[in-house]
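Student: just to be clear, the model below is a prediction. Sequence and coordinates:
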Amino acid sequence: MALVTGSARGIGRAITERLADDHDCVVHGRRDARAAAEVARAVEARGARALVVTADLADPAQVTALADAVLDRYGRVDTLVANAAATAFRPLVEVTGRHSRLTFATVVDSLVELVHRLAPAMGEGGRLLTISGLDARFAQSGHGLLGGAKAASEALTRSWAVELGPRGVTANAIVPGPVLTDSLETYLDGREDVRTLLVDHTPVGRLCTPSDIAEVAAFLVSPAAAMISGQVITVDGGISAQGGPWGAMRDLW
Ligand SMILES: NC(=O)c1ccc[n+]([C@@H]2O[C@H](COP(=O)([O-])OP(=O)(O)OC[C@H]3O[C@@H](n4cnc5c(N)ncnc54)[C@H](OP(=O)(O)O)[C@@H]3O)[C@@H](O)[C@H]2O)c1
């Protein structure tokens with residue numbers, strides 16, 4: 001059984017549908033049960049079973065309820081993919097403690113709690129994947145707060161790799177480059193010059209699709225990846241190879 005947080009759309013949806021080739025799936029959305037139900041139908045169309053659970057990960061009680069729902073239904077967890085994230089995209093100096101608490105609650109605190117509750121239900125072959133971002137490594141306009149939370153999630157992932165490894169559970173992070181999702185479109189806000197800049201700085205000549213990320217996730221949770229643990233795997237078409245366009249983007253914005 002695989003639980004992918006934030007799987008009603010975007011990258012989480014693509015990962016869930018890809019994992020449905022080998023796993024029953026828990027489809028998790030914040031509140032849009034209709035979008036989650038659509039993903040559940042796609043999972044079932046691939047021959048797997050699906051359970052839809054809605055939970056706001058910024059609310060500790062709902063995180064607990066999500067873990068309980070998963071354990072009640074399946075009793076065990078093979079794969080946990082921590083994909084959900086939310087933040088205030090604004091200059092870091094404008095960010096308040098309230099923004100910070102919401103971002104860290106969603107990205108970091110919920111992850112710690114889910115692993116605390118679900119890791120005991122993971123056995124040999126268990127897989128933990130966190131979805132990080134290049135903002136953990138490079139300063140990007142408006143991404144200061146999210147970058148801090150993602151950097152924390154990468155550090156946590158390395159420690160889980162060490163602590164869970166003796167039980168045959170691996171823990172890794174995927175760092176996507178810019179991925180063509182609704183959230184990227186919102187971030188670009190119609191700025192075609194910025195989109196062009198991103199593509200021009202990507203050696204393979206295009207931006208990532210959700211499917212590019214899902215294929216790597218499917219490999220990392222497969223038996224073939226049993227000896228990859230504690231790693232941060234970048235999937236970005238090479239955009240970070242020369243440091244990325246983040247400095248040039250700052251001049252544009
Ligand atoms: N797209 C990119 O270019 C890119 C690049 C690098 C890394 N990433 C990372 O990849 C992951 C997925 O990104 P994305 O672009 O597909 O979508 P996204 O807009 O970043 O949203 C991700 C998911 O998080 C869920 N979510 C947000 N806040 C939540 C909360 N409080 N409780 C429960 N769920 C919550 C959303 O659910 P609802 O829809 O139900 O609100 C959504 O399904 C994120 O971690 C993002 O930081 C994305």
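Tutor: Structure received. Residues are numbered from 1 along each chain as shown.
Student: show me which strand runs longest in the chain.
Tutor: If you go by DSSP state E, the chain has its longest strand at strand 170-176.
Student: tell me what that one is packed against?
Tutor: strand 127-131, helix 144-164, helix 210-220, strand 232-235 (3 or more CB pairs under 8 Å, 6 or more residues apart in numbering; DSSP states H and E). (C-beta placed from N, C-alpha, C; glycine too.)
Student: okay, the angle between that strand and helix 210-220?
Tutor: 160 degrees (axes from the mean of the first three to the mean of the last three CA atoms, to 10 degrees).
Student: list the buried ones in the helix or strand following strand 170-176?
Tutor: Sequence-wise, the next helix or strand downstream of strand 170-176 (DSSP states H and E) is helix 182-188. Judged by neighbour count (16 or more other CB atoms under 10 Å), helix 182-188 contains these buried residues: Leu184, Tyr187.
Student: what does helix 182-188 contact?
Tutor: Arg9, Gly10, Phe89, Gly142, Pro178, Val194, Arg195, Leu207 (CB atoms under 8 Å, 6 or more residues apart in numbering).
Student: now do 7 Å
Tutor: By CB atoms under 7 Å, 6 or more residues apart in numbering, the surrounding residues in contact with helix 182-188 are Arg9, Gly10, Phe89, Pro178, Val194, Arg195.
Student: report the contact partners of the nearest residue to His201 once chain neighbours are set aside.
Tutor: Nearest residue to His201, sequence neighbours excluded (CB to CB, 6 or more residues apart in numbering): Pro245, at 4.0 Å. With contacts defined as CB under 7 Å, 6+ apart, the neighbours of Pro245 are Leu197, Leu198, His201.
Student: for Arg137, see how far away the residue of the stretch 151-253 of the chain found nearest the ligand is.
Tutor: For the stretch 151-253 of the chain, the residue closest to the ligand is Ser183, as judged by CB to the nearest ligand atom, at 3.0 Å. Applying CB to CB, to the nearest Å, one obtains 19 Å for the distance of Ser183 from Arg137.
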